[in-house]
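**Q** Make a model of this:
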Amino acid sequence: MSYKAEYERSMNDPEGFWKEKAAALKWFKNPENILSQDEHGIYHWFADGEMNTAYMALDYHVEQGRGDQLAIIYDSPVTDTKTQYTYAQLRDEVAKAAGMLKELGVEKGDRVIIYMPMIPEAVISMLAVARLGAIHSVVFGGFAAPELAVRIEDAQPKVMISASCGVEIKRVIEYKPLLDKAIALSSHKPQSCIIFQRPQATSTLIEGRDHDWNELYAKAEPADCVPVKGTDPLYILYTSGTTGKPKGVVRENGGHAVAMNYSMQAIYNVDKGDVFWAASDVGWVVGHSYIVYAPLLRGCTTIVFEGKPIMTPDAGAFWRICEEYKVKTLFTAPTAFRAIKKEDSEGAFFGKYDLSNLVAIFSAGERLDPPTQEWLMEKSGKPVIDHWWQTETGWGITANLQGIEPMPVKLGSSTVPTPGFNVKILDDAGRELSANEQGYIALKLPLPPSCLATVWGDVEKFKDSYLSSFPGYYASGDGGYIDEDGYVFVMGRVDDVINVAGHRLSTGEMEEVVGGHPSVAECAVVARDDDLKGQIPMGLVVLKSGVEADEAELGKELVQLIRSSIGAIACYKDTYIVKRLPKTRSGKILRKSMRQMVNGQPYAVPSTIDDPGIMPEIEALLKEKGVIG
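**A** Modelled structure (predicted):
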């Protein structure tokens, strides 16, 4: 079926479309009530279906005779460890892990917080919770204690699962002291904690509350899958907020399973037996969707990688994995590719590995800047596909659908809306804009399966946060435009738009130009307040490894590049070279925090920042240069 026919069917007959996609999965009771609304007017999918996500992802494949196929490949260069699990082995491990949770009183609907590094036990824990019909909330391993405490307070877990430590390139982070401090800070106290002891650092257990994973596991009886409704929650995943309480995005079992399974075929063009690698962390939505659930629901082999794109041991780490495990599809964040490009700008490592099994490279997490996209396509010789989605949606809102009808790549565009997503560009008053006009990107309701159903414990917060800006629409918080061919260009968060003398300009567009300079590895363009123009852009750039440049000379060259690409109207003048940019652990650059900083405003740094020392470092540099008073 062509993209046009598939997309139009999803728009004209959403219930028929998604009922057909649901039939591809093994339900205990097939859903008949495909789309419904609750008393708050919120849409839900597959309300009367009965199922279990862990059953669909594991037991079903074993029953179909694929028990000996590899389910998980674990590769940990930071600990020099490699392990593999077949579908039958993983099912048995998950059933026993579910048994130990059951022994601790975990039942359908209970919450379990998982605070783990990138090890197989993190995936096993998630699936074990799902097996019992309980609700997991994964918190990124090593997250600060106050932030973990907020999540404990909100989700009120019966049990917490953690490891004694996480292992980084040059350090070991002990998790248990952070866990203990978080529990002390929270008024809610979990009944039990399970600790997986790692040899790099072992933890002292608190008697009566804490349990050793191996001891509990050894005596556990395997637990059966507990049936749940399609609308029962599978997990809560907290979005990072720079202020206030983080929002707990609720993902429902039925819609999630259907969309995950469909997306593997439609977007990524992978099927049973293919090796799919999402180089991310289970603490993020990419890890939930495309390390754990979607590959296993589809019957693929998934990779759990405990390492980095560089320094484990070098900028060829990703290509080594792709060769060793015959990866068909690689998916990671632009920041990983920029890190590789910075260290290996000539692309020498590509030639050292056999990438013949690699069919396509996907990117999401933030906008894939065209210079990085072009570099990656040239050096790898593979299609490099940007697609756009959010924690809230759980899968691609826009994509170049490799399993339906691959389309020509347009640099800077995440291609076209995925079937199910009715993407519109609106102005401030909620009016739909014409082709090539920039505005707010909104999604017409109902959202397709797998998108958030509510915010945990607070339906009004859900409505206020997402549904109140434009009645009848979900407000994405991103700005952009749709061109005459229907390609969507996401230009960044709405607050990343700069207003120069009344002209609304995208910082993302300027970053494209700045990032195209041969000396620049990555950059951020932020809006600086100006008495005359309102705002003017300012560039912060990181140079490629081994490159030296005079700041003033580089600044002049970038001014010329911006003028020739965007025009003098952009008023781009100032460039500052920094050693690194502040980012979240998932790779998003903290543009808003930097904008507040350069304008002398108090700035909030989100708890997900990768290195808290970067912002003070940049602030000191800009004070020294007289940018900040």
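
**Q** Can you show me the CA trace of the helix or strand hosting residue 330 as PDB?
**A** Using DSSP states H and E, residue 330 falls within strand 329-332. Provided in PDB are the C-alpha atoms of strand 329-332 (Å, rounded to 0.1, in the frame of the first residue of the first chain):
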ATOM      1  CA  THR A 329      18.700  -0.800  11.800                       C
ATOM      2  CA  LEU A 330      20.400   1.600  14.200                       C
ATOM      3  CA  PHE A 331      18.500   4.300  16.000                       C
ATOM      4  CA  THR A 332      20.000   6.900  18.300                       C
END
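
**Q** Let me see the contact set for residue 181.
**A** The contact partners of residue 181, taken as Cβ atoms under 8 Å, 6 or more residues apart in numbering, are 145, 149. (C-beta placed from N, C-alpha, C; glycine too.)

**Q** Three-state assignment for it, please.
**A** On the three-state scheme (DSSP: H, G, I helix; E, B strand; the rest coil), residue 181 is labelled helix.

**Q** any idea which residue of this protein is furthest from its center?
**A** In the chain, residue 532 marks the outermost C-alpha relative to the chain mean, sitting 39.4 Å out by Cα atoms, centre = their mean.

**Q** Tally up the residues packed near the closest residue to residue 336 other than its chain neighbours, please.
**A** In this structure, residue 336 finds its nearest non-sequential neighbour in residue 309, 4.2 Å apart by Cβ to Cβ, 6 or more residues apart in numbering. By other Cβ atoms under 10 Å, 22 other residues sit near residue 309.

**Q** Tell me the secondary structure of residue 309, please.
**A** Classification of residue 309 using three-state DSSP returns coil.

**Q** All further residue positions should be reported with the first residue as 730.
**A** Renumbered: residue one is now 730, and that last one reads residue 1038.

**Q** wait, it sits on residue 1046?
**A** Yes - with contact defined as Cβ atoms under 8 Å, residue 1038 counts as touching residue 1046 (6.0 Å).

**Q** quick revisit: if I look at the residue farthest from the centre of the chain, what pLDDT would I see?
**A** Note on residue 1261: pLDDT of 76.

**Q** how near is residue 882 to residue 876?
**A** 11 Å (Cβ to Cβ, to the nearest Å).

**Q** Mind checking the pLDDT average for the strand holding residue 1059?
**A** The model assigns strand 1058-1061 a mean pLDDT of 97.

**Q** got it, and stretch 1030-1050?
**A** In this model, stretch 1030-1050 carries a mean pLDDT of 97.

**Q** And it, what's buried?
**A** Judged by neighbour count using 16 or more other Cβ atoms under 10 Å, the buried positions of stretch 1030-1050 are 1030-1041, 1044-1050.

**Q** repeat for stretch 822-840
**A** By 16+ other Cβ under 10 Å, the buried positions in stretch 822-840 come out as 822-831, 833, 835, 839-840.

**Q** Among these, which lie within helices?
**A** Judged by DSSP state H, these include 822, 823, 824, 825, 826, 827, 828, 829, 830, 831 as members of helices.

**Q** separation between the first one and residue 1061?
**A** Relative to residue 1061, residue 822 is positioned 26 Å away (Cβ to Cβ).

**Q** now the buried residues of stretch 822-840 as a markdown table including distance to residue 1226 and pLDDT?
**A** A markdown table is the format used below for these (distance: Cβ to Cβ, whole Å; pLDDT from 0 to 100):
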| residue | distance to residue 1226 | pLDDT |
| --- | --- | --- |
| 822 | 48 | 98 |
| 823 | 46 | 98 |
| 824 | 51 | 98 |
| 825 | 52 | 98 |
| 826 | 47 | 98 |
| 827 | 48 | 98 |
| 828 | 52 | 98 |
| 829 | 50 | 98 |
| 830 | 47 | 98 |
| 831 | 51 | 98 |
| 833 | 49 | 98 |
| 835 | 46 | 98 |
| 839 | 43 | 98 |
| 840 | 38 | 98 |
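
**Q** Closest one of these to residue 887?
**A** residue 839 (4.5 Å; Cβ to Cβ).

**Q** quick one, helices of the stretch 980-1129 of the chain?
**A** Counting by DSSP state H, counting those that start in this stretch, the stretch 980-1129 of the chain has these helices, from start to end: 982-995, 1014-1016, 1023-1027, 1046-1053, 1063-1072, 1099-1109.
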